[in-house]
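In: With the sequence up front, the predicted model follows.
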Amino acid sequence: MSQTNLKEARKRAARLGVVIKPSTRKHKKLDVFDRHERHLASIGDIRYSDFLQHGDEERRKRYKKRHEKNRHKKGTAGYYADKILW
């Protein structure tokens, strides 16, 4: 499976005021850092695609519904995954 669209992901991250880099954690796509380079979260599983890879609106809708409970709390991995990858 190929990596997500890093160019678009970086644009989305910049709007949130964070920086992303390819993850150093096994099975994760991206590491999210604040402006002071403090690690905030590791997001995205490399074994699964995300909206930036497949662009399928129906799959995006199902993801958002499935993660409704954990995607709204700012600063969590779920929040960053939702805003950057989905």
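Out: Thanks, I have the structure now. The model shown is predicted, which means the values in this text are computed figures rather than measured ones.

In: separation between the closest residue to residue 70 other than its chain neighbours and residue 60?
Out: Once flanking residues are discounted, residue 70 sits nearest to residue 78: 3.7 Å by CB to CB, 6 or more residues apart in numbering. C-beta: built from backbone N, CA, C; applies to glycine. Distance, residue 78 to residue 60, by CB to CB, to the nearest Å: 15 Å.

In: Residue 71 is in contact with the residue nearest to residue 70, correct?
Out: Yes - the pair residue 78 / residue 71 is scored as a contact, 4.8 Å apart, by CB atoms under 8 Å.

In: ok, and for stretch 57-72, which residues are buried?
Out: Across stretch 57-72, burial judged by 16 or more other CB atoms under 10 Å covers 63, 71.

In: Give me the mean pLDDT for that stretch.
Out: Average pLDDT, stretch 57-72: 96.

In: shift numbering so it begins at 568
Out: Yes, from this point I'll number from 568; that puts the last item at stretch 624-639.

In: What lies in contact with that stretch?
Out: Under the contact criterion CB atoms under 8 Å, 6 or more residues apart in numbering, stretch 624-639 has outside partners 618, 643, 645, 646, 648, 649, 653.

In: ditto for stretch 643-653
Out: Taking CB under 8 Å, 6+ apart as the rule, stretch 643-653 contacts 571, 576, 579-580, 583, 585, 587, 596-597, 599, 607-611, 617-619, 627, 630-631, 634, 637-640.

In: Show only the entries of those residues found in strands.
Out: 587, 596, 597, 599, 607, 608, 609, 610, 611 (DSSP state E).

In: how long is stretch 627-644 end to end?
Out: Using CA to CA, to the nearest Å, the end-to-end distance of stretch 627-644 comes to 17 Å.

In: quick revisit: kindly indicate which of the ones in strands among the contacts of stretch 643-653 lies nearest residue 623.
Out: Nearest to residue 623 out of the ones in strands among the contacts of stretch 643-653 is residue 611 (CB to CB; 15.9 Å).
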